[in-house]
Structure formats: C-alpha cells, structure tokens
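S.K.: Have a look at this prediction, sequence included:
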Amino acid sequence: MICVNDLRQLDLFATASDGILQWVCDHAEECSYDAGATLVEEGDPPKGFFIHLAGEIQILRRSDGHVMPIGKHSAPSFFGEVQIYTDELVPITLKAQTPCTVYVMNRDDFRQLMLSSRDIEIRIFRTIQDRVRRLESFLRNREKMAALGTLAAGLAHELNNPAAALARTMDHLHPKILQLQDMNLSYGKHNVDEEHTRQWLALRDKGFARIMRNDLSNKELAAREDEFLDWLENCEVPEAWEHAAALAASGLTIDEIQAVTEYWRDDPTPLRYQGVQWLGLSFEVLSMIVDGQRASQRIFELVEAVKSYSYMDQDVQQEVDVHQGIEDTLKILRHKLKYGITVSTHYGQDLPRIRAFGSELNQVWTNLLDNAIDAMDGQGNIDIRTHLEGEAVCITITDDGPGIPQDVQSRIFESFFTTKGVGKGSGLGLDITRRIVENRHKGFISFESMPGQTTFTVQLPITA
C-alpha cells in the first residue's frame, strides 16, 4: 500500500501535512502494469487521478491512422487531472514502457484533495497550464507538418499524371522521329515531282494546324478514327491501327488524302502507302510533342501555384490578392476535389489587394476547404464568394454537408476540440484559423450551420 514517504517523492506533496498525505494513502487504489500494458486508451472516459511512483510510461497519440509517441512520464509523476476538470475523453494513450506502479484516486476524492490544500491546488493548476502549453505547441507543429504533408501529397498526386505522360512521350518520340527520317530519306531517293511534294506538305501543314487547335471532341475523334481505320485496312496500308488516331486528329478528310495518293495509283513502288504512313507518322510525332508541351505546362503551373501559395522568396507581409490565394489553394487541393466535389466561385469585382501575411491566409483557406471536404465525405458542393464590405474584404465558404451539431457549435474554435473521430484531427485547425484571422490580421471569423448548409465567413481589413 502507498505510504506517506512514497508521496514525499512528488513535488506536488512537498509541503503537504502528514494528515493530508495519509488521507491520500487511504483513498488511492494500487495498480501494477507489465511492460507493454495499456493504462489508458485514447478516447476513453476519465479514469481518475494517477499517482505514478515506479517505472516509465509512454504517451501516444493517434493522427491520421498512425500512432506516434509524443512524450513520456517518468516516476515520480502524476497525471489525469485535466480530464477530471474538463470531463472530456482522454486525448492520449498511456502505455507502460517498463513495469509500472500507479495509485489511482477517483474524481470525487481528487476534488476533495484539491479543496483540502491551497498549495496542492496551485501546483496542480501550474502543472495543467504547463502541460496544455507544451501539448498545444507540439500539436501546432504537428498541424503544420500535416498541412505540409497535405501540400506534398496533393502536389505529388497532381504532378504524377503530367510527369508520367511526359516520360511516356519521350520514350516513344525518339523511335518515331528516326522512323520519320528514314521515310524522308527513302522518298528523296525517288524521282519525285515538286508540285506533288508541295501537295503532301500542304496537307501536313493543314493537319498540324488542326492538331494545334485541338478543337475536336472525343466523340468526333472516335468516329473519325473508326472511319480512317476501315479505309486504311481496305487500302492494305501496313500497321493501319497505328496511323488511324493521328490521321483522325488532323481533321483531314479521307477524300483529301486520296486525292494526293492518286498520283501514284499506277506506281509499282510502295510510295502510295508510304505517303499515307508518312502523313500519319508526322501527325503522330506532332501530337506527341503537343502532349509533352501540355504536360510540361501543367507541371510548370503546379510549381508556380506552390510558389504563389507559399509566397516563396517574398517578404513576410505582402499586398495580397485574396482571389489568387484561393485559386492557388484550390489547385493544391485539386486531388481531393475532382472525385465528386463541385466548387463554384463568385468573386466580387474590383476587390482590392490587402496588406497581409499571404502564406498564413492560404493556410486559412486550406483549413476551411479541407474541413468542408471532410464534412461532405467526398461528395457535394462548395460555394466560395467574395465582396467588399466597408473597409474590409468578406469571404464566405459554404458547403452542403451535414452541418455542425448544434450542441457543439459554441466550442468549434476551442483548442483541441474536434468533431472528427479519434485520431482524425488535432482540434487545432479552426483554432489556428481563428488566430490567423483575428490575431494576425485583426479580422473576424464566424459561421452559421444547419443540416445541408455550413457557411464560414472571414472578414479582413484592407490594411491590417
């Protein structure tokens, strides 16, 4: 059983009388744990006040499906007081690293202990303040890393498709160009008519222009490809399937191509077929180059969006275009938006730039949009609107998700409070958002929520 001398090991009881300590001894239940055993599981209801006298206890917290260590208790120590006061679920998991001995007081006995000694009460509250400060600091850093992870994941996801397309294009382009050169050399060995050559070149240039415009719909392309494939096979053009798509994309008609091939109708050489193959291959090479250019442009746009989002190489404060910040954020979150979420934007005309911390404001848009996406579970609509209201710009972000329960709306901006499941949120996203808007920019953030409509409104002064 716990004794007075054991309790003297803790600073908490340094000045307590023997009578108080004996009372604690009489009201604490001894519990022993083997190494690896769990004392408290994240999400459990409060279990009481723990007096830890032997061994080491690891502190763990779940985040996005992963369990990570965030600290440890080394004997002698105490814990559990915060949950007794707040009556909230335990936000961490405690696991014995070594064999441990703890003594547990129930909440009523703990409260009586607090009333019995002003000195113990002061020491408890100082400890609570210090622990909350350290936990908040840790989780804020974790939130920043999570935001960075979201950025990195979104960027990697968006870069993957154009990068893969560019790699495929470069792999296939080299042999096609060599094949085209061989055809040109072969053609040059024949006694060719210059006027007829100009007709082929005119067809090629006309097809090039149409490929560059890229104005044929997928339905039109599919229908034209089928027509060209049938015609090429009927003409016994070798490898017809390789050329049908490229000829279809050129916008040329079969009649136009047949007209120039008639010149070689009675020619025993294979020039007639080679002419069609040359045309198809020329269009195919150009299409590859165009696809590569588009992929490169997409990569460039993504990199520029990240630079703009983070305000790389710029002063801490800038003259910020709110609309550009929102658009950059939408590009970063594009991988979350394209599978069932529709975003509509209604931007106010002539909205002025504001003096602000640009990268921090983008974190505000990221948090609000990410919460909306999570709330709608990947399916729904987000409406973003901006307008000028006096000397401030006003931004509203509305989603048609299930809404925030009425009984927790008053707590939505509290530190560590979250409506997400255990391990799915730190409860700091909206607190950070509020601090950025109100403390850093002297603005104001509010919300209204009901089933099917939740609107967050941010007001920012033009000059912070």
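M.R.: Arrived safely.

S.K.: so Val333 touches Leu368, yeah?
M.R.: Wrong residue type there; residue 333 is Leu, not Val. No - in this structure, Leu333 is not within contact of Leu368 by C-beta atoms under 8 Å, at 10.8 Å. For the C-beta atoms, the positions are set from N, CA and C on the backbone; glycine is no exception.

S.K.: between those two, which one's more packed in?
M.R.: Higher neighbour count among Leu333 and Leu368: Leu368, with 25 against 21, using other C-beta atoms under 10 Å.

S.K.: Enumerate the positions of the helix or strand hosting Thr261 that are buried.
M.R.: Using DSSP states H and E, Thr261 maps to helix 254-261. By 16 or more other C-beta atoms under 10 Å, the buried positions in helix 254-261 come out as Ile257, Val260, Thr261.

S.K.: Mind checking what secondary structure Asp215 has?
M.R.: At Asp215 the chain is in coil, as set by DSSP: H, G, I helix; E, B strand; the rest coil.

S.K.: Let me know the pLDDT of it.
M.R.: Model confidence at Asp215, given as pLDDT, is 81.

S.K.: so how many other residues sit close to it?
M.R.: 9.

S.K.: Equivalent analysis for the one 4 residues further on, please.
M.R.: The local packing count at Lys219 equals 8, with neighbours defined by other C-beta under 10 Å.

S.K.: where does the stretch 151-300 of the chain dip in pLDDT?
M.R.: 151-154, 157, 186, 188-192, 265-272 (pLDDT under 70).

S.K.: quick check: mean pLDDT across the helix or strand hosting Asp383?
M.R.: Take DSSP H and E as the rule and Asp383 turns out to sit in strand 380-389. For strand 380-389, mean pLDDT is 93.

S.K.: again, but for stretch 457-464
M.R.: Stretch 457-464 carries an average pLDDT of 85.

S.K.: And it, what's buried?
M.R.: Buried, per 16+ other C-beta under 10 Å, within stretch 457-464: Thr457, Val458, Gln459, Leu460, Pro461.

S.K.: got a list of contacts for stretch 343-356?
M.R.: 317-323, 326, 330, 337, 381-388, 393, 441, 460-464 (C-beta atoms under 8 Å, 6 or more residues apart in numbering).

S.K.: And it, how far out from the chain middle?
M.R.: Centroid displacement of stretch 343-356 relative to its chain, using C-alpha atoms, centre = their mean, to the nearest Å, is 23 Å.

S.K.: Likewise for stretch 108-117?
M.R.: With C-alpha atoms, centre = their mean as the basis, stretch 108-117 stands 47 Å off its chain's centre.

S.K.: Next: stretch 327-342.
M.R.: 9 Å.

S.K.: Which stretches in this structure count as helices?
M.R.: For the chain, helices defined by DSSP state H occupy the ranges 4-7, 18-27, 81-86, 107-116, 118-188, 194-213, 218-234, 240-249, 254-261, 271-310, 322-332, 334-337, 358-376, 429-434.

S.K.: can you redo those helices as JSON lines with distance to Ala54?
M.R.: Shown next, in JSON lines, are those (distance: least, C-beta to C-beta, whole Å):
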{"stretch": "helix 4-7", "distance to Ala54": "9"}
{"stretch": "helix 18-27", "distance to Ala54": "16"}
{"stretch": "helix 81-86", "distance to Ala54": "20"}
{"stretch": "helix 107-116", "distance to Ala54": "20"}
{"stretch": "helix 118-188", "distance to Ala54": "20"}
{"stretch": "helix 194-213", "distance to Ala54": "77"}
{"stretch": "helix 218-234", "distance to Ala54": "71"}
{"stretch": "helix 240-249", "distance to Ala54": "75"}
{"stretch": "helix 254-261", "distance to Ala54": "89"}
{"stretch": "helix 271-310", "distance to Ala54": "49"}
{"stretch": "helix 322-332", "distance to Ala54": "49"}
{"stretch": "helix 334-337", "distance to Ala54": "48"}
{"stretch": "helix 358-376", "distance to Ala54": "42"}
{"stretch": "helix 429-434", "distance to Ala54": "37"}
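
S.K.: Among those, which comes closest to Arg61?
M.R.: Among those, the nearest to Arg61 by C-beta to C-beta is helix 118-188 (8.3 Å).

S.K.: CA atoms of stretch 193-201 as PDB?
M.R.: C-alpha atoms of stretch 193-201 as PDB (Å, rounded to 0.1, in the frame of the first residue of the first chain):
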ATOM      1  CA  ASP A 193       7.500  15.700-108.600                       C
ATOM      2  CA  GLU A 194       8.000  19.000-106.700                       C
ATOM      3  CA  GLU A 195       4.400  20.100-107.200                       C
ATOM      4  CA  HIS A 196       3.100  16.800-105.800                       C
ATOM      5  CA  THR A 197       5.500  17.100-102.900                       C
ATOM      6  CA  ARG A 198       4.100  20.500-102.100                       C
ATOM      7  CA  GLN A 199       0.600  19.000-102.100                       C
ATOM      8  CA  TRP A 200       1.700  16.500 -99.400                       C
ATOM      9  CA  LEU A 201       3.400  19.300 -97.400                       C
END
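
S.K.: How far away from the center of its chain is it?
M.R.: Remark: stretch 193-201 is offset 55 Å from the chain centroid, using C-alpha atoms, centre = their mean.

S.K.: Any buried residues in that stretch, and which?
M.R.: Those would be Gln199, Trp200, for stretch 193-201 by 16+ other C-beta under 10 Å.
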